[in-house]
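Enquirer: Below is the sequence, then the predicted model.
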Amino acid sequence: MTPERFAGLADAYGGDVARWPAPERDAAAAFMTDAPARAAAILAEASALDAWLDAAPAPQASAAMVGAILAAAPRRPSLWRRWAFAAGAGAGLAAACAAGVLAGVQLGAAATVTKSDIVSAEGGGDAVLAVVSDEDFNLFLDEEAG
Amino acid sequence: MGESDEELLSQVARGDAAAARALVGRKLPRLLSLARRMLGDAAEAEDVAQEAFVRVWRQAPRWRPGAARFDTWLHRVALNLCYDRLRRRRELAVAEPPERVDEGPGPGRGLEAQDVGRRVDAALQALPDRQREALVLCHYQELGNLEAAAVMGVSVEALESLLSRGRRALRAVLADLREG
């Protein structure tokens, strides 16, 4: 390592060689062995600035700030909320079932009407038949045949 | 060594209060220090730290392990928040120039120990933002050169140049401390 590079690294990363980029440390150690006085002078200059930097006050987190940060953190739903959610989901499911049954009844009624319409329809049956189930269609054919 | 940052984040996403406490304990001091040194203002630094954590909480359920180091991401988030404030401050300063404060020790006035800290702090704040950012990341946050360069989005050579210029400027401004 050249003296310029050694000084450049101290200039950038400070007087503690342990904090220099790992791939440069072995060469830096060799330079310190080869030119101990020069290396020591460079490191002392850099270390003085490190010490000043460390004199700058370090902030402390207040309990109030920690509390405010934690209050905004995601929360697991409480037991009550989980129960309410489950109950809500259950009620929703029951409502959905009831709606399904009701829809089924109405659909059955609609199918009956459609079938009777088909039976009574003359000529325009093809369009209506497209929405009738196979079962209804067979029933219709049986009735037609009978 | 406890859980990794990523493990804590996934627990936080599931609403684990203990994991949130652990993550705050692990990250808040350094986050606060970063913001304090970038902004030179304790109250603004607290605001930045709180805002950064709001983003952490929001990000927790979406965090993809391996996409980026959480620490690198968190530094970038905090620095962006600091830069937003520095920009706003500059806009305000153009509108209303502040009165200049003499940061020097003054004739005949001895430099007390705590004054050194204040002098250094003021000198740091007087540096160009990118030089201060490089110094804060490498000296105070103790990031390696590769990670600091990644956070800043510059090459290692550019990082070293910013560090050298920053440190030289500080040494020049603080030269009188040597005699003190």
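Expert: That came in fine, so what should we check first? Remember, it's a predicted structure, so these values are computed and weren't measured experimentally.

Enquirer: where along chain B do the strands fall?
Expert: For chain B, applying DSSP state E gives no strands.

Enquirer: Domain ranges for it, per the record?
Expert: B:1-97, B:109-180 (automatic domain parsing).

Enquirer: As TSV, those with distance to chain A would be great.
Expert: C-beta: built from backbone N, CA, C; applies to glycine. Output for the domains of chain B, formatted as TSV (distance: least, Cβ to the nearest Cβ, whole Å):
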stretch	distance to chain A
domain B:1-97	3
domain B:109-180	4
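
Enquirer: Is it possible to get CSV of those domains that adds mean neighbour count?
Expert: Output for these, formatted as CSV (neighbours: other Cβ atoms under 10 Å in any protein chain shown):
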stretch, mean neighbour count
domain B:1-97, 17
domain B:109-180, 18
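
Enquirer: Which one of those lies nearest to residue A:60?
Expert: domain B:1-97 (8.0 Å; Cβ to Cβ).

Enquirer: As TSV, the domains of chain B with mean pLDDT would be great.
Expert: Formatted as TSV, those follow (pLDDT from 0 to 100):
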stretch	mean pLDDT
domain B:1-97	91
domain B:109-180	90
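
Enquirer: for chain B, longest helix please?
Expert: Ordering each helix of chain B by length in residues (DSSP state H) puts helix B:70-95 first.

Enquirer: which stretches of the chain form helices?
Expert: This is for chain A. A:3-13, A:22-34, A:36-55, A:63-71, A:79-120, A:125-129, A:134-145.

Enquirer: meant chain B actually
Expert: B:5-13, B:17-39, B:42-59, B:70-95, B:113-126, B:129-135, B:145-152, B:156-173.

Enquirer: returning to what we had before: for the domains of chain B, which one sits closest to residue A:30?
Expert: Going by Cβ to Cβ, the one of the domains of chain B nearest residue A:30 is domain B:109-180, 20.1 Å.

Enquirer: quick one on the thing from earlier: now the longest helix of chain B against helix B:17-39, angle please.
Expert: 40 degrees (axes from the mean of the first three to the mean of the last three Cα atoms, to 10 degrees).

Enquirer: Alright, that wraps it up for me.
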